[in-house]
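[1] sequence unknown, structure follows:
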């Protein structure tokens with residue numbers, strides 16, 4: 001079965017849980033964006049994704065991309081689907097109207113890309129960096145670069161890449177060796193090689209705009225010496241630039257997306273932003289990309305859950321413990337959806353989907369608040385949320401995409417391990433999301449070491465207090481979440497104190513800390529969902545129960561792991577002190 005978006009599920013979260021229409025209409029650019037307009041966009045997006053993008057997913061995986069003498073040939077149907085994507089105005093959904101965009105809220109773009117990833121992850125990789133590249137050039141590009149490239153990228157007429165990784169460096173960007181030499185006409189000549197470049201070469205658009213991290217002559221060593229340079233495949237006069245694709249990778253999954261090794265041989269480019277400030281310019285692109293990767297995780301998990309849920313409602317195996325005999329009729333076996341083990345798998349994944357969606361959509365709303373709210377304090381709060389929550393979502397949602405999809409494969413038994421049902425493709429495709437745009441371990445370190453500890457947890461405490469204030473302590477579920485929020489605030493303080501004795505400790509417990517944060521925020525999300533009274537819906541009620549029974553108990557486990565690690569620091573220092581006294 002192909003993936004089918006469910007606009008009604010999204011509208012419920014946006015309207016009933018997050019009050020998105022009212023929050024958006026309070027922002028000047030979206031004063032006209034009411035519920036009717038949002039619903040229309042979502043319905044059209046669902047139709048496009050379901051009818052155009054999803055049906056070519058399987059062939060894209062089976063045929064894959066082909067490499068021939070430096071050129072990349074896309075799988076059958078991809079070029080036509082991408083052109084329909086452009087013709088429909090979908091790449092420009094949230095771009096500014098003056099740049100050829102539709103000027104719609106970021107949250108609608110977020111939903112669109114979640115659905116696209118669920119329906120066809122390989123094809124969605126092509127436009128996946130468009131918004132980030134657009135934002136990067138809009139905020140940091142010169143007037144000349146904006147004039148030549150901004151609208152082409154905003155509308156998807158040209159695609160873009162983000163060229164960071166080199167074979168010897170990996171995630172350590174401080175080791176980047178690619179060089180850029182200034183020319184008399186103000187351009188730069190870029191030389192070096194990059195690997196793992198998604199869409200570095202393809203036949204979907206005539207031009208490809210590469211944003212390349214490199215070093216100017218005499219730049220300082222390390223990440224502070226990096227500059228960002230725009231290097232197009234085709235130069236303004238139409239000539240081919242000295243940009244070459246040397247090969248595409250043979251990958252575990254994502255066969256519909258070319259992952260390229262690129263070589264720049266004195267290629268012509270132009271500086272984006274200031275010299276040796278490349279990471280600052282690219283940060284806009286990277287942060288956007290990380291939220292989109294989180295949405296990829298949610299979409300892929302939803303796709304796996306849809307397949308497993310449908311299969312479980314059709315497949316009969318044995319007698320289910322506790323099933324009502326009267327519902328069996330003449331059938332010799334019960335539906336596997338009635339078996340407790342299968343029900344647990346399905347309801348647990350649904351709990352993750354709805355909870356993670358609530359947090360991701362709230363983050364997309366905060367992007368618009370940070371950009372457009374008239375109140376500077378509101379903008380500051382929104383930016384704080386995005387800074388702290390983006391790494392949490394990227395890591396937790398992609399982790400669940402892979403492990404949850406694997407659980408969904410289990411529902412099929414042996415049928416899940418063969419290609420017929422397509423769930424094995426989702427498991428393969430989802431695995432890379434835990435790696436790219438910063439591995440999940442890097443996200444956890446970024447959260448705890450770079451964002452929580454430097455200010456003693458002040459920013460994180462502010463975010464948690466904001467969540468606390470949205471809850472009603474008279475409700476049992478809300479009171480429980482408030483208690484967990486308080487525990488999380490104290491945990492940050494505990495880690496900070498222990499880090500003074502052992503600076504390595506935060507790096508060791510960062511993954512566990514991130515999980516505690518995600519589980520706490522998921523508890524908040526489900527408290528908000530349940531407060532709407534919507535759990536009268538049977539599926540949502542089962543998911544709510546599954547969250548409390550099978551997901552939330554991990555909170556105590558992770559909390560205990562971090563606390564034990566911190567206590568161990570104190571015990572080891574006490575033992576060392578005692579030994580010193582004895583001597």
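    Cool, got the structure. The structure displayed is predicted, hence computed values, not measured ones.
[2] Next, the buried residues of stretch 508-524.
    By neighbour count on 16 or more other C-beta atoms under 10 Å, the buried set for stretch 508-524 is 509-524. For glycine as for every other residue, the C-beta is placed from the backbone atoms N, C-alpha and C.
[3] what do you get for stretch 241-260?
    Using 16+ other C-beta under 10 Å as the test for burial, stretch 241-260 gives 241-245, 248, 251, 253-260.
[4] For residue 544, state which of those is nearest.
    Using C-beta to C-beta, the shortest approach to residue 544 within the buried residues of stretch 241-260 belongs to residue 253, at 32.0 Å.
[5] ok now do that closest one, which residues does it touch?
    Residues in contact with residue 253 (C-beta atoms under 8 Å, 6 or more residues apart in numbering) are 61, 121, 425, 427, 428, 429, 430, 431, 432.
[6] Now the buried members of these.
    With neighbours counted using 16+ other C-beta under 10 Å, these contain these buried positions: 61, 121, 425, 427, 428, 429, 430, 431, 432.
[7] For those, give me TSV that also has distance to residue 84.
    Shown next, in TSV, are the buried ones among the contacts of residue 253 (distance: C-beta to C-beta, whole Å):
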residue	distance to residue 84
61	20
121	18
425	23
427	28
428	26
429	22
430	26
431	29
432	26
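[8] which stretches of the stretch 451-583 of the chain have low pLDDT?
    Residue ranges of the stretch 451-583 of the chain with pLDDT under 70: 535, 570-583.
[9] quick one, helices of it?
    Along the stretch 451-583 of the chain, counting by DSSP state H, counting those that start in this stretch, helices occupy 458-468, 476-501, 505-531, 538-546, 554-582.
[10] which stretch among these comes nearest residue 339?
    Between the helices of the stretch 451-583 of the chain, helix 538-546 lies closest to residue 339; by C-beta to C-beta that is 13.8 Å.
[11] Would you mind giving the contacts of residue 253 as CSV with secondary structure added?
    Shown next, in CSV, are the contacts of residue 253 (DSSP: H, G, I helix; E, B strand; the rest coil):
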residue, secondary structure
61, helix
121, helix
425, helix
427, helix
428, helix
429, helix
430, helix
431, helix
432, helix
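[12] Looking at these, which one is closest to residue 411?
    Taking C-beta to C-beta as the measure, residue 411 lies nearest residue 427 of the contacts of residue 253, at 12.4 Å.
[13] Helix, strand, or coil at the residue nearest to that closest one when sequence neighbours are not counted?
    Counting by C-beta to C-beta, 6 or more residues apart in numbering, residue 427 lies nearest to residue 405, which is 4.8 Å off, once chain neighbours are set aside. Under three-state DSSP, residue 405 falls in the helix class.
[14] Distance check, residue 405 against residue 522.
    With distances taken as C-beta to C-beta, to the nearest Å, residue 405 is found 18 Å from residue 522.
[15] quick one: the helices in the stretch 251-400 of the chain?
    Using DSSP H, counting those that start in this stretch, helices in the stretch 251-400 of the chain cover 278-312, 340-372, 376-411.
[16] in the second one, what's buried?
    Counting neighbours by 16+ other C-beta under 10 Å, one finds that the buried residues in helix 340-372 are 342-343, 345-370, 372.
[17] same thing with the longest one?
    Judged by neighbour count (16+ other C-beta under 10 Å), helix 376-411 contains these buried residues: 378-379, 381-382, 384-409, 411.
[18] Which strands and helices lie in contact with the very next helix or strand once past that helix?
    Where DSSP states H and E defines the elements, the next helix or strand beyond helix 376-411 is helix 414-417. Counting contacts by 3 or more C-beta pairs under 8 Å, 6 or more residues apart in numbering; DSSP states H and E, helix 414-417 packs against helix 376-411, helix 423-431.
[19] Touching helix 414-417 from outside, list them.
    Helix 414-417 has contacts (C-beta under 8 Å, 6+ apart) with 311, 408, 409, 410, 421, 423, 424.
[20] change it to 10 Å
    Residues outside helix 414-417 that contact it (C-beta atoms under 10 Å, 6 or more residues apart in numbering) are 304, 307-308, 311, 315, 405-406, 408-410, 421-424, 427.
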